[in-house]
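just need the structure, nothing else, for what follows:
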Amino acid sequence: MPNKNIHTFIACDSYYEESDIVIFGAPFDGTTSYRPGTRFASSAIRNESYGIETYSPYLDKDLTDRRIFDAGDLDLCFGNPIRVLEDIEDMTAKILKVGKKPLMIGGEHLVTLGSIRAAVKHFPDLYMIHFDAHADLRDEYLGEKLSHACVIRRCWELMGDNRIYQFGIRSGDREEFLWARNHVKMQKFNFDNLKEAVKLLKGKPVYLTIDLDVLDPGIFPGTGTPEAGGVSFNDLLLALSEVFKLNIIGADINELSPIYDQSGASTALACKLLREILLQM
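Model (predicted):
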C-alpha cells in the first residue's frame with residue numbers, strides 16, 4: 001500500500017485506502033521527437049496547482065468533497081523505455097486491482113502504453129478515447145517502435161480494430177492517415193462526432209488519454225511539438241463533459257513541457273484541466 005505523499009496536487013491528500021482515484025506521475029521523455037522537457041510536468045503541475053481554486057464553477061463541485069490520493073511520481077529509469085513501461089503497467093495494475101481509478105500525469109505520450117497494457121488485461125473489451133494534435137500511429141519512428149510517435153499504434157496492437165476513437169488530429173505522415181481508415185475511428189481537427197461516439201460506447205469500459213497539444217499553441221505553447229490550428233480550452237471542457245458520461249476506468253494527461261512557457265500559463269491551464277477531470281471521473 002503506497003504511503004501518503006507530501007507533495008500533492010491541491011486537495012488530493014486523502015489516504016489511499018479511502019480514495020476512489022489515485023494520481024501518479026510518470027516523468028519520462030526519453031523518446032521525445034522534437035523538444036524534450038515533459039519529465040518536469042508532473043512536478044510543475046503539483047507546484048502550480050496551489051494557484052487555482054479547489055472549486056469548479058463549471059461543475060459546481062469541489063475537490064475537497066472528493067477522495068483522491070496522490071501517490072507522487074514513479075522513480076523511472078530514464079534511459080530504458082522498456083523498464084519505464086513495465087513500471088507504469090505495474091502501478092496501473094495495482095490501482096485497478098483494488099477497484100480504484102488511475103490518473104497518470106506524463107511525461108511524453110509513450111507512457112500511455114504502460115497504462116493500457118494493464119487496463120486491457122483488467123478490461124479485455126477496453127475502448128480508448130484519444131485527444132491529440134498528432135495521430136501517433138506510425139509503426140516506427142527512426143527505427144524505434146517504442147516512441148511517443150508510435151504510442152497509439154502500439155495500443156491498437158493490444159486492443160484491435162475500431163476500439164480507438166481519435167479527436168483533434170491535425171498532424172501525421174500520409175501513411176498514418178491511410179492506415180487509420182481501416183483500423184481506428186479518427187476525427188480530424190475538432191470534436192465533431194464525439195456525441196455519436198459516446199452513444200456507441202455507453203456501458204463499455206473506456207480509457208481516456210489527452211495529449212495537451214490538442215490545444216492551440218496560442219493558448220498552450222508549453223509543449224514539445226506545438227501544432228497550429230488546435231482547439232480552445234472551452235471546446236476541450238465541453239468535450240470532456242461528453243466523455244464523462246461514459247464509464248471512464250482510467251485516464252492520463254501528457255506532453256506539458258513547462259520550460260517552453262516561462263509565463264506559466266500553460267502549466268496553469270494543465271492544472272485547471274486536471275481539476276475538471278478529477279471532479280468528473
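
alpha carbons only for contacts and neighbour counts from here, please
Noted.

and the host helix or strand of Ile152, C-alpha only, in PDB?
Applying DSSP states H and E as the criterion places Ile152 in helix 151-159. Listed next in PDB are the C-alpha coordinates belonging to helix 151-159 (Å, rounded to 0.1, in the frame of the first residue of the first chain):
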ATOM      1  CA  VAL A 151       2.200   5.000 -29.000                       C
ATOM      2  CA  ILE A 152      -1.400   4.700 -30.300                       C
ATOM      3  CA  ARG A 153      -0.200   2.100 -32.900                       C
ATOM      4  CA  ARG A 154       1.200   0.000 -30.000                       C
ATOM      5  CA  CYS A 155      -2.100   0.400 -28.100                       C
ATOM      6  CA  TRP A 156      -4.000  -0.700 -31.200                       C
ATOM      7  CA  GLU A 157      -1.900  -3.900 -31.300                       C
ATOM      8  CA  LEU A 158      -3.400  -4.700 -27.800                       C
ATOM      9  CA  MET A 159      -6.900  -3.500 -28.400                       C
END
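
list the buried residues in that helix.
Judged by neighbour count using 16 or more other Cα atoms under 10 Å, the buried positions of helix 151-159 are 151-156, 158-159.

what does it rub up against?
109-110, 112-113, 116-117, 120, 125-127, 135-139, 146, 163-164 (Cα atoms under 8 Å, 6 or more residues apart in numbering).

what's the answer for stretch 112-122, then?
Counting by Cα under 8 Å, 6+ apart, 84-90, 92-93, 96-97, 126, 151-152, 154-155, 158-159, 207, 209, 252 sit against stretch 112-122.

what secondary structure does Tyr207 sit in?
Assigned with DSSP: H, G, I helix; E, B strand; the rest coil, Tyr207 falls in the strand class.

helix, strand or coil for Met91?
Of the three states, Met91 takes helix according to three-state DSSP.

next one: stretch 27-40 to chain centre, how far?
15 Å (Cα atoms, centre = their mean, to the nearest Å).

what's the answer for stretch 266-279, then?
For stretch 266-279, the distance to the chain centre is 12 Å (Cα atoms, centre = their mean).

give me the contacts around it.
With Cα under 8 Å, 6+ apart as the test, stretch 266-279 has contacts from 21, 41, 44-46, 48-49, 51-52, 54, 56, 59, 61-63, 66, 212, 219-222, 237, 240, 253, 256, 258.

so where do the helices sit in the stretch 51-200 of the chain?
Using DSSP state H, counting those that start in this stretch, the helices found in the stretch 51-200 of the chain span residues 81-97, 111-122, 151-159, 174-183, 194-200.

how about the buried residues of helix 151-159 in JSON lines, adding distance to Val184 and pLDDT?
Output for those, formatted as JSON lines (distance: Cα to Cα, whole Å; pLDDT from 0 to 100):
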{"residue": "Val151", "distance to Val184": "13", "pLDDT": "98"}
{"residue": "Ile152", "distance to Val184": "10", "pLDDT": "98"}
{"residue": "Arg153", "distance to Val184": "10", "pLDDT": "98"}
{"residue": "Arg154", "distance to Val184": "12", "pLDDT": "98"}
{"residue": "Cys155", "distance to Val184": "11", "pLDDT": "98"}
{"residue": "Trp156", "distance to Val184": "8", "pLDDT": "98"}
{"residue": "Leu158", "distance to Val184": "13", "pLDDT": "98"}
{"residue": "Met159", "distance to Val184": "10", "pLDDT": "98"}
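
nice, that's everything, thank you.
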